[in-house]
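*Asks:* Could you look at this predicted model? Sequence included:
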2 protein chains.
Amino acid sequence: MRGVTGEGHRGAELGRELSTAVVMFHEAVGARLGVSAGDQRALALLDRRGPMSAGELAEATGLTPGAITGMIDRLERAGLVRRETDPADRRRVRVSGTGDGARSEVFQGLAAAMEAVVSRYDEAEQRVIADYVGRVVEVLREQTRKLTATHTR
Amino acid sequence: MRGVTGEGHRGAELGRELSTAVVMFHEAVGARLGVSAGDQRALALLDRRGPMSAGELAEATGLTPGAITGMIDRLERAGLVRRETDPADRRRVRVSGTGDGARSEVFQGLAAAMEAVVSRYDEAEQRVIADYVGRVVEVLREQTRKLTATHTR
DNA sequence: CGATTTAGTTTATTTTAGTGAAATAAATCA
DNA sequence: TGATTTATTTCACTAAAATAAACTAAATCG
């Protein structure tokens, strides 16, 4: 970020490259699976939380129910998500991620590679890395919070 | 990534959280500046490479010339980019990022926070961190390359 | 110089994803 | 049970951003 981050402090410099690489990876995954950024956010939610109802997805993504129906349609058509009526409350729709081939391949490939990177270091080093990553995550969340808080959209 | 990345190996686990945090941060920046993901990609390119012509932007982003004209219009209107005719070849348009207030504030805030994180560690630890981050970036780029290569879009 | 090529813009059109509100159907309340 | 509430879908419409192709202007080739 030449003109943007100022001098090339190492921490910031490192962070910038990493951040760009992450974003580009996500864009590539989206392009590969033919899925939008918003749809990927929903898939990530399902990965993390497990099956959710359409309403929970609406709540979590900030979209209207109508938009969620459309999103589930798309993802179902793409074979990335399964839609079944909740037997306990048949108004509800239970949306769960399928272990779709292409998608899981992508993430397993990444997980394996990340695992390989971490395993190069000894115990103590791994602790440093884990600590660092944890703090970076905190920083990012804090900055994200600031951004969304100030704007009050 | 429950069903997707398999068991909770630490490296992958860490990576997932980090990746989500990065993506959310970028989304927040976009929302704050009122700029789309695609437009942010272009801004990042300008940050990294410095001023580019409209054609170079088209090449780099994979968009058509017409789309680039529209994008430059938007970014210029938002005060994030400057458009000037190249004096050497007056058909060409030289697009350069402005050091826009809001945007540079955001990234300087992040840079400072990242810098603070890194400075917590001693020399040796910082070397480990730098090494790790460098390798992760490589992994991400490699995986991204694979994804875009296979698909041949 | 005139013809051709190159860079970017314009315009008409398409695509995508969203909204808001009405409609449908199931559950719950009195 | 009938009335009401809740969950999702459908439908008509909007907005943003992309495309393809025609157009304009500048550079270069012969």
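*Replies:* Yes, it's here.
*Asks:* Now A:S96: which helix or strand?
*Replies:* strand A:93-97 (DSSP states H and E).
*Asks:* got the angle between the helix or strand following that strand and strand A:93-97?
*Replies:* Downstream of strand A:93-97, the first helix or strand assigned by DSSP H and E is helix A:101-118. Here helix A:101-118 runs at an angle of 50 degrees relative to strand A:93-97 (axes from the mean of the first three to the mean of the last three Cα atoms, to 10 degrees).
*Asks:* now helix A:101-118: mean pLDDT?
*Replies:* Taken as a whole, helix A:101-118 has an average pLDDT of 90.
*Asks:* before we move on, back to that, any idea of the mean pLDDT in the strand holding A:S96?
*Replies:* pLDDT averaged over strand A:93-97 gives 97.
*Asks:* who touches it?
*Replies:* Strand A:93-97 is contacted by residues A:43, A:46-47, A:50-54, A:57, A:72, A:80-86, B:3-4 when judged by Cβ atoms under 8 Å, 6 or more residues apart in numbering or on different chains. Where C-beta positions appear, they are placed from N, C-alpha and C, glycine not excepted.
*Asks:* List the contacts of A:V22.
*Replies:* Contacts of A:V22 (Cβ under 8 Å, 6+ apart): B:18-19, B:22-23, B:140.
*Asks:* My understanding was that A:T64 contacts A:A58; is that so?
*Replies:* Yes: look at A:T64 against A:A58 with Cβ atoms under 8 Å: they come within range, at 6.6 Å.
*Asks:* Have a look at these two and say which one is more surrounded.
*Replies:* A:A58 (18 against 10; other Cβ atoms under 10 Å in any protein chain shown).
*Asks:* Doesn't that one belong to a helix?
*Replies:* Yes: assessed by DSSP: H, G, I helix; E, B strand; the rest coil, A:A58 belongs to a helix.
*Asks:* quick one: contacts for it?
*Replies:* Going by Cβ under 8 Å, 6+ apart, A:A58 touches A:64-65, A:67-68.
*Asks:* near DNA strand C, from these?
*Replies:* A:64-65, A:67 (Cβ under 7 Å from any atom of the strand).
*Asks:* hmm, back to that, now do the strand holding A:S96: distance to the chain's middle.
*Replies:* Relative to the centre of its chain, strand A:93-97 is centred 18 Å away, using Cα atoms, centre = their mean, to the nearest Å.
*Asks:* what's the helix or strand for the spatially most central residue of chain A?
*Replies:* Centrality entry for chain A: nearest residue to the mean C-alpha point is A:A44, 4.6 Å, by Cα atoms, centre = their mean. Taking DSSP H and E as the criterion, A:A44 maps to helix A:37-49.
*Asks:* Between strand A:93-97 and that helix, find me the angle.
*Replies:* Using the same axes, to 10 degrees, helix A:37-49 lies at 90 degrees relative to strand A:93-97.
*Asks:* Which elements pack onto helix A:37-49?
*Replies:* helix A:10-33, helix A:54-61, helix A:65-77, strand A:93-97, helix B:2-5, helix B:10-33 (3 or more Cβ pairs under 8 Å, 6 or more residues apart in numbering or on different chains; DSSP states H and E).
*Asks:* want to throw these into a markdown table with distance to B:V118?
*Replies:* Formatted as a markdown table, those follow (distance: least, Cβ to Cβ, whole Å):
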| stretch | distance to B:V118 |
| --- | --- |
| helix A:10-33 | 3 |
| helix A:54-61 | 33 |
| helix A:65-77 | 39 |
| strand A:93-97 | 36 |
| helix B:2-5 | 27 |
| helix B:10-33 | 15 |
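*Asks:* and the ones you listed, which one is worst for confidence?
*Replies:* The lowest average pLDDT among those, as it happens, falls on helix B:2-5, at a mean of 47.
*Asks:* For chain A, which residues are neighbours of DNA strand C?
*Replies:* Counting by Cβ under 7 Å from any atom of the strand, the residues of chain A near DNA strand C are A:36, A:38-39, A:62-67, A:70-71, A:74, A:89-91.
*Asks:* The ones next to DNA strand C among the contacts of A:A58: which ones sit near DNA strand D?
*Replies:* Among the ones next to DNA strand C among the contacts of A:A58, DNA strand D is touched by A:P65 when using Cβ under 7 Å from any atom of the strand.
*Asks:* got the ones next to DNA strand C among the contacts of A:A58 as JSON lines, with distance to chain B columns?
*Replies:* Below are the ones next to DNA strand C among the contacts of A:A58 laid out as JSON lines (distance: Cβ to the nearest Cβ, whole Å):
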{"residue": "A:T64", "distance to chain B": "17"}
{"residue": "A:P65", "distance to chain B": "21"}
{"residue": "A:A67", "distance to chain B": "16"}
